[in-house]
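1. here is a sequence together with a model predicted from it:
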Amino acid sequence: MILCRCQNYGTVEGIVYDSIEKQGIAFVNVYIPKIRTGTITDTTGRFKIENLKLGEYEIKASLIGYGRPGVKEIKIYQDSTTFIEINLAQCKYDYFGQPSCPICNKTDEAIPIVYGESTKNILRKAKKGKILIGGCPISNCDPHWYCKRDKINF
Ligand SMILES: [Zn+2]
């Protein structure tokens, strides 16, 4: 084995973890925007990015179905590896298409109910009737659905 003592470079290694399922998540896009470098997690949720210049970076992990990206600040030290864990929670709101209402079987009046933190973006959507804001602040991303026609939650 040849060891490369690449000076002034370090490595970040870690795992992207599903905080609800309690396991690593495969195929997550792990990205460092500042230097436009990234990778994808393996089947156990692990990733490794080598040959990073020393310094501080923001690292993002995102996957469709998991809502907003997980963000961590990291520091890269010479010839060493920084280990991080990024937690993501599944989000039904982050979903392609819309479900159909179990009463009218239509999708046109079905809107997600979003719980938690009300960002400006969410408030704007709520004003336009595209989502309904729920009251539970436990999770930012745990909506269910509401049919405007039949006035039911499902
Ligand atoms: Zn309906």
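-> In hand now; what should we look at? Numbers count the residues shown, from 1 in each chain.

2. enumerate the residues of this protein near the ion.
-> Counting by Cβ under 5 Å from the ion, the chain comes close to the ion at Cys101, Ile103, Cys104, Cys147, Arg149, Asp150. (C-beta placed from N, C-alpha, C; glycine too.)

3. per-residue pLDDT of the fifth one, please?
-> Just to be clear, that refers to Arg149. If you check Arg149, the pLDDT there is 90.

4. count the residues that sit near the residue nearest to it when sequence neighbours are not counted.
-> Excluding its sequence neighbours, the residue lying closest to Arg149 (Cβ to Cβ, 6 or more residues apart in numbering) is Glu109, at 4.2 Å. Residues near Glu109, counting by other Cβ atoms under 10 Å, number 15.

5. for Ile20, same thing?
-> Under the neighbour criterion other Cβ under 10 Å, Ile20 is assigned a count of 12.

6. list the contacts for it?
-> Ala89, Gln90 (Cβ atoms under 8 Å, 6 or more residues apart in numbering).

7. what helix or strand is it on?
-> Taking DSSP states H and E as the definition, one finds Ile20 inside no helix or strand.

8. distance of it from the ion?
-> 28 Å (Cβ to the ion, to the nearest Å).

9. show me where the chain has its helices.
-> Under the criterion DSSP state H, the chain contains helices at 120-127.

10. quick one: low-confidence ranges for it?
-> Counting by pLDDT under 70, the low-confidence segments of the chain come to 1-7, 91-98, 116-117, 135-143.

11. quick check: can you list the domain ranges of it?
-> 9-88, 91-154 (automatic domain parsing).

12. so which of the ones you listed is the most packed in?
-> domain 9-88 (a mean of 16; mean count of other Cβ atoms under 10 Å).
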